[in-house]
Structures are given as structure tokens and as C-alpha cells.
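Enquirer: would you be able to build a 3D model of this:
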Amino acid sequence: MSRPDFSRARLAPPARLYGWLRPHRRALKSLTGLWPQVRTALGGGLARVKFALLRLKARLQRRVPHAQYDAGRAALDTDRPDLAEVYFKRALQGWPDCGVFHMSLGDALKRQSRWQEASVSYHRAIATETSGDTSMTWAYHNLGEVEAHQQHWELAIAAYEVSAERQPQFFYAHHNLAQACEQAGHLNEAREALERAIALNPKDANLLRDLAQLCTRCGDLAGLREALEQTIALDPRQFQPYFDLAGVLRNLGERELAADTYLRSLDRDPNFSWWYHYYFWQCLKETERLDAAIETFQRHTRESPQRPAPYLNLGEAFVHADRIPDAIAPYRQGLKQKIRKTKPSYPIDRWDDDRVFGPNFIILGAQKAGTSSLFEYVTQHPQILPPLRKELEYWSLRMRRGLDWYLSQFPAIPPGSTTYLTGEACPGYLDRQETAQRLHAEFPETKLVVILRDPVERAYSHYNHWVRRHQEAQDFETAIRANLDRLTAGGGVSEADLWNVPHDYLARGAYVVFLKHWMSVFPPERFLVLSNDDLNAQPQQTLTTLFDFLGLPDFSVAADVRYNVGAYSPISGGARALLEEFYEPYDRELERFLDRPFAWSQRRAAPK
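Expert: This next block holds a predicted model:
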């Protein structure tokens, strides 16, 4: 920031000021003369020494506003906003209508997170401007930051708009304006501001990523395609833009180009979980590109023989090419590599394919309720062997692949061993109505674990998951109202309408409907129902309960990391109220059925 114009300062009369400074003139002159040598000698401590000298000068010139101002700026440079506040207030005592002083006081208050007071100071700075004067442009920008911290988005937008208009080449004015507009729901304005920021900084991949997200929210597939193509041109080594672009092309109906883009992405990340992405396989099969994918995955297994993922991708490619018997060998080889890596004490040399017995336990769901974290924690136990992948979806969607395929996903139990268990975690099982009977027919002794989360938060997490995958363009409230309209189309919500709708944000949180059905097929003692609140607050205690349920000794796990967690803005009050009203009868019935309270119901019942 340039030095303020002090030509109109209300200083003491020159003769009086000279008389006050005269006893100190030699000291001040000496300090000034020493400054270049001090600066050269101290280097990294320059700011602190400068502050010390200016602080002394301010003490000697207590009635000189710019001396107080200089000391305040030096205090900010040394990360002492509390002292800077004192000096700026002293400066304002001598010159109360100086806009630069008010703006600097706002900076000191902002650094102390005193947002409302900072806002007042910036407004006072802006008020000193006269017609045609733009000296307080920085005050507008900083005011926008203060209002954004308080989530006063419309006020932040108004301030940033002035800053951007006055500083059209200032990148952050446009970038911050875009962020505020997006938070306020002004998506078109946000996109325009972001495009201006990109024009100023065209090589910033993060900006192009933000633009892609905005285009997704606006439902603009053409704009999303352009943003992703720009990202790839900027850095063709990255995997994610290729993956996202292929999905966009598929949605635009350009299947051939989508398939080619998928194939181009394979070498960018040989360990990517392609087995999880149905649309990838569907696209390759429809365009007859599966053989090309098989060749690539075979090469990946040769180049990285110790990694499980290439084997799993290869096996899945064989399955989609209707060559299921060919898939078994790479599956087993990938599983051996996984067990060798995760369970080094396992006697891999005693592996016997005839000793694969299937799951001892299954985590049924719920989806977006913490199944990924729970599964990662439980498989840390030395006596639990993980399957080839967490979610097999056999009992819900993949039974046509046959039981041999299912068993190929589980490790062999060493001969004579009764210490190892294995299982899977598939959140798609809980709300698939036919799954319980199918599983019971083959594995009636399997133990079943269910983890539940506040259904309001679960629905919002579910929605954001689809947004990140470019499968959802509506805002959240519009999307859940569409779900509600479907569920109530017949005049009321039918239990039959809650089953088998994996993309419905509302239906998948009606937990009691699903649990009642499952417990009519399996005896209740085969179930352990956990709470996501407990897993987050007391992970070790929750896992101790789970290990005891499985008949295993307790084991201390590293539960400080949460898996498959998204980051998104808080849910709006209107959407929350709508969801709480929908789920209230289901939550009440759930607590009656299980004879236990859940923390989310207690939070909602607490006085506001």
C-alpha cells in the first residue's frame, strides 16, 4: 500500500512542533543514519528492528499522526495487530477524518477476527471519499472479506463489485466476488466473475476446477466440457479431468469420444478403482472398447505386479466381456497381493483356494453413514482379512456372476486356523428388499452390522456425493422436493416406494423400514446396530463393541482418519426443516423398534 497523503494533516504549528522535537533531533538523526546498516546486518529480523525503531519514534512523536501510523503498520508486519490497533487509534486522535487510518485500523481488527468492528472501520474509511475519489478501493476489498467471514454474502458481493470495477486487473477481486456470489446462490454472476479471474490467471488449475463445479451446479454441460478440456490442456498428466470429461461426454451423448477419453485416462492412474464405476464399463462395452481396456490392464499387472488394483481392474474387464472364468485368476492374484501387503503375518504360502468359505460378517450400510471408515478401522484387526474390495454388491446386483465369482473376492483361511475372519461392507444391501432372503439362503450364520447416521445429514452428504460426480445439477432443496413429490405421488408415502431407489436422497434414510424387514429374515441377535455419532465421538469404544460382537479380542486401531468424507457448505435452514419433518415419524419408530435413543433425535428435541 502506498504511503498516505498527509498534506492535510492537522499537525501542531511548525514552530511549536520544532520546539518539541528539538531535544531529540540528534537521536532521531542517528537512528535514521543507522538504518541502512541495521537492515543489512539483520536481514531476517528486519521487520522486528524496524518496528522497534518506529515504536521509539512514535513514543518521541506521540502527537504526530503519521508517526503513530508508521508504528502501526510496522506492528502489523510483525504480526502484532493488537499493538497496531493502539497506534492507529492514536493516529486517528490527531487526524480523525483520515481514510487511510480508518482502513488500517480495520486491517488490525480484521487480523484479530473482530469482524463487526473491522466492518465499522472500513465503512468510516469509505465515507471519507469524495466525488471522483478512489483512494479507498482497498477498503472496499477488505470490507468484502470481513462480510464474507460473517457470511453476509450480499454485503460482501456489493463490496467486491466496487473493488473489481476499480481494479479490473486485480485477480482476487474477481475471485472473491465469484466465491461470494456462489455462496449467495447467484451462480451465473459467480461464473462471470470466475471467468474474469481465469482470464487474469489462465494457468491456475484450481480456478478451472472451480469453474467446472459451477458449470455442474448450473447444469451447463457444454461449459463443463470446455472447462475440463482447458484443464487437460494445462496439464495432460492429471487423471481426474479425463475421468470427469468422459462422464460429461457420455451425458452429452458422445459415446465414442467418451470411450476414447476413458481409455486415455487409464495410464494416468493405473491404480484407480475402475471396478466401482458402472458407467465406465457400460460405455466401453457399448462402443466395443473392452478389448483395448483388457490389453491396458494386462500391461498394468506386468508393470506393477505387487499392486492389487491392476489385477482387480483386469478381472472386472473380463467379467464385462462375458469371460467370467478368466476373471477368477487375476482376482485371486490381486487378493494375494492385498493380503501380503495388509497382513504380513498371514501364511501366504499356505493359500488354498479350496478353503475360501465366504463372509463371516457383512456391514450392510447405511450409505453415507460411515461404512468406509468403519470398514477401514475393523480391517486393521490382525485377525480380520479384508476381501479384494469393500463393496461387492453381489446379493443386490451381481448374482448373475455366480457364487464362484463371489467367493473369489474372499481370502482363503489357512488349514487348521480358527483365528481369522473375513467379511465385506456394502451400503447398497440395506435398502435392497430382496437382498436379505438371498443372503440368508446361502449364508444364514453371517453376522450383520449396521451403522446409522442422522438421516438429514446423510441425505445432504448423499446429494453432495452425486454433485461431485457430476450426476446432480439441481440445488439441494429442489432435489429433495422432487424426491418428496415422487414418494407422495399416490397421496402418501408407501413403504414399497422406499425400497430399491439408490438415487433417492430421502428414501435411504427411512432406516426402520429396512431394519424391520432384515430382522424378519435373520434373527435379531445376528445384528449389531451402531451410530455414526458414537463412531466419531468414541471410535475405540465403538470398535471394542464390534470386536466383541464378532467374537474377537479387543484391538487398538488408528481411528484418527475418516474415510470417503466430502467437504461442502452447511445445509440451508429451509432444506433442513423439510427433512426433519419428513424423517420425524421414521426416527421415532426406529427408537421404539430398537429400544434405544439416537443422538440426532435428542439434538433436534433440545431447546433452540
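Enquirer: okay, now the unreliable bits of the stretch 401-550 of the chain?
Expert: Low-confidence segments of the stretch 401-550 of the chain (pLDDT under 70): 415-418, 470.
Enquirer: how about the chain?
Expert: Residue ranges of the chain with pLDDT under 70: 1-45, 415-418, 470, 608.
Enquirer: show me the domain layout of it.
Expert: The chain breaks down into these domains under automatic domain parsing: 14-216, 343-605.
Enquirer: tell me which of these sits nearest to Trp275.
Expert: Distance to Trp275, taken as C-beta to C-beta, is lowest for domain 343-605 among these, at 6.3 Å. All C-beta spots, glycine's among them, are computed from the backbone N, C-alpha and C.
Enquirer: so Asp404 sits against Ile328, correct?
Expert: Yes - Asp404 is within contact range of Ile328, at 6.8 Å (criterion: C-beta atoms under 8 Å).
Enquirer: of the two, which one has the most company?
Expert: Ranked by neighbour count (other C-beta atoms under 10 Å), Asp404 and Ile328 place Ile328 first, with 17 against 12.
Enquirer: ok now the one helix or strand that one maps to, how far from the chain's centre?
Expert: In this structure, Ile328 sits in helix 324-342 according to DSSP states H and E. Centre-to-centre, helix 324-342 and its host chain are 32 Å apart (C-alpha atoms, centre = their mean, to the nearest Å).
Enquirer: now stretch 352-371
Expert: 27 Å.
Enquirer: what's the end-to-end length of that stretch?
Expert: Terminal residues of stretch 352-371 lie 30 Å apart, using C-alpha to C-alpha, to the nearest Å.
Enquirer: that older thread, report the buried residues of the helix holding Ile328.
Expert: Along helix 324-342, these residues count as buried under the neighbour rule (16 or more other C-beta atoms under 10 Å): 324, 327-328, 330-339.
Enquirer: cool, and stretch 135-155?
Expert: By neighbour count with 16+ other C-beta under 10 Å, stretch 135-155 contains the buried residues 135-148, 152-153, 155.
Enquirer: now the strands: where do they sit in the chain?
Expert: For the chain, the strands defined by DSSP state E occupy 361-365, 384-385, 421-425, 447-452, 527-531.
Enquirer: and of these, who's closest to Ile294?
Expert: Proximity to Ile294 (C-beta to C-beta) singles out strand 421-425 among those, at 25.5 Å.
Enquirer: and the closest one, what does it pack against?
Expert: strand 361-365, helix 371-378, strand 384-385 (3 or more C-beta pairs under 8 Å, 6 or more residues apart in numbering; DSSP states H and E).
Enquirer: returning to that earlier point: from the buried residues of stretch 135-155, which ones fall inside helices?
Expert: If you go by DSSP state H, the buried residues of stretch 135-155 have 137-148, 153, 155 in helices.
Enquirer: from these, pick the one nearest Phe101.
Expert: Closest approach between those and Phe101, by C-beta to C-beta: Ala139, at 11.2 Å.
Enquirer: was I right to think the closest one contacts Met103?
Expert: Yes - contact criterion C-beta under 8 Å: Ala139 and Met103 qualify, at 4.4 Å.
Enquirer: next, show the common contact partners of those two.
Expert: Residues touching both Ala139 and Met103 by C-beta atoms under 8 Å, 6 or more residues apart in numbering: Tyr122, Ala125.
Enquirer: returning to that earlier point: looking at the buried residues of helix 324-342, spot the one nearest Leu54.
Expert: Lys338 (62.9 Å).
Enquirer: find the nearest non-adjacent residue to that closest one, please.
Expert: Nearest non-adjacent residue to Lys338, counting by C-beta to C-beta, 6 or more residues apart in numbering: Pro308, 4.1 Å away.
Enquirer: okay, helices next: where are they in the stretch 451-600 of the chain?
Expert: Using DSSP state H, counting those that start in this stretch, the helices assigned to the stretch 451-600 of the chain run over residues 455-468, 476-487, 511-521, 532-537, 539-549, 573-594, 599-605.
Enquirer: against which helices or strands is the last one packed?
Expert: Packed against helix 599-605 by the contact rule (3+ C-beta pairs under 8 Å, 6+ apart) you find helix 455-468, helix 532-537, helix 573-594.
Enquirer: tell me what the longest one is packed against?
Expert: Yep, that's helix 573-594 we're talking about. Under the contact criterion of 3+ C-beta pairs under 8 Å, 6+ apart, helix 573-594 touches helix 455-468, helix 476-487, helix 511-521, helix 599-605.
Enquirer: do that again at 10 Å, thanks
Expert: Helix 573-594 sits against strand 447-452, helix 455-468, helix 476-487, helix 511-521, strand 527-531, helix 599-605, with contacts defined as 3 or more C-beta pairs under 10 Å, 6 or more residues apart in numbering; DSSP states H and E.
Enquirer: cool, and the shortest one?
Expert: Here helix 532-537 is seen to pack against helix 371-378, strand 447-452, helix 455-468, helix 539-549, helix 599-605 when contacts are counted using 3+ C-beta pairs under 10 Å, 6+ apart.
Enquirer: out of the ones you listed, deepest packed?
Expert: Highest mean neighbour count among those (mean count of other C-beta atoms under 10 Å): strand 447-452, with a mean of 24.
Enquirer: off-centre distance for that one?
Expert: Centre-to-centre, strand 447-452 and its host chain are 26 Å apart (C-alpha atoms, centre = their mean).
Enquirer: same question, stretch 474-482
Expert: Taking mean C-alpha positions (C-alpha atoms, centre = their mean), stretch 474-482 and its chain are 20 Å apart.
Enquirer: where along the stretch 1-150 of the chain do the helices fall?
Expert: 14-21, 25-42, 46-60, 65-77, 81-94, 99-111, 115-127, 137-149.
Enquirer: reformat those helices as JSON lines; add distance to Leu448.
Expert: JSON lines is the format used below for these (distance: least, C-beta to C-beta, whole Å):
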{"stretch": "helix 14-21", "distance to Leu448": "85"}
{"stretch": "helix 25-42", "distance to Leu448": "68"}
{"stretch": "helix 46-60", "distance to Leu448": "63"}
{"stretch": "helix 65-77", "distance to Leu448": "60"}
{"stretch": "helix 81-94", "distance to Leu448": "56"}
{"stretch": "helix 99-111", "distance to Leu448": "53"}
{"stretch": "helix 115-127", "distance to Leu448": "50"}
{"stretch": "helix 137-149", "distance to Leu448": "46"}
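Enquirer: which residues touch Val557?
Expert: Glu376, Tyr377, Val378, Thr379, Gln380, His381, Pro539, Gln540, Leu543, Thr544, Phe547 (C-beta atoms under 10 Å, 6 or more residues apart in numbering).
Enquirer: what is the nearest of those residues to Ala58?
Expert: Once C-beta to C-beta is applied, the member of the contacts of Val557 that ends up nearest Ala58 is Pro539, at 53.4 Å.
Enquirer: circling back: in CSV: the helices of the stretch 451-600 of the chain, plus distance to Pro65.
Expert: What follows is the helices of the stretch 451-600 of the chain, written out as CSV (distance: least, C-beta to C-beta, whole Å):
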stretch, distance to Pro65
helix 455-468, 51
helix 476-487, 52
helix 511-521, 66
helix 532-537, 53
helix 539-549, 57
helix 573-594, 47
helix 599-605, 53
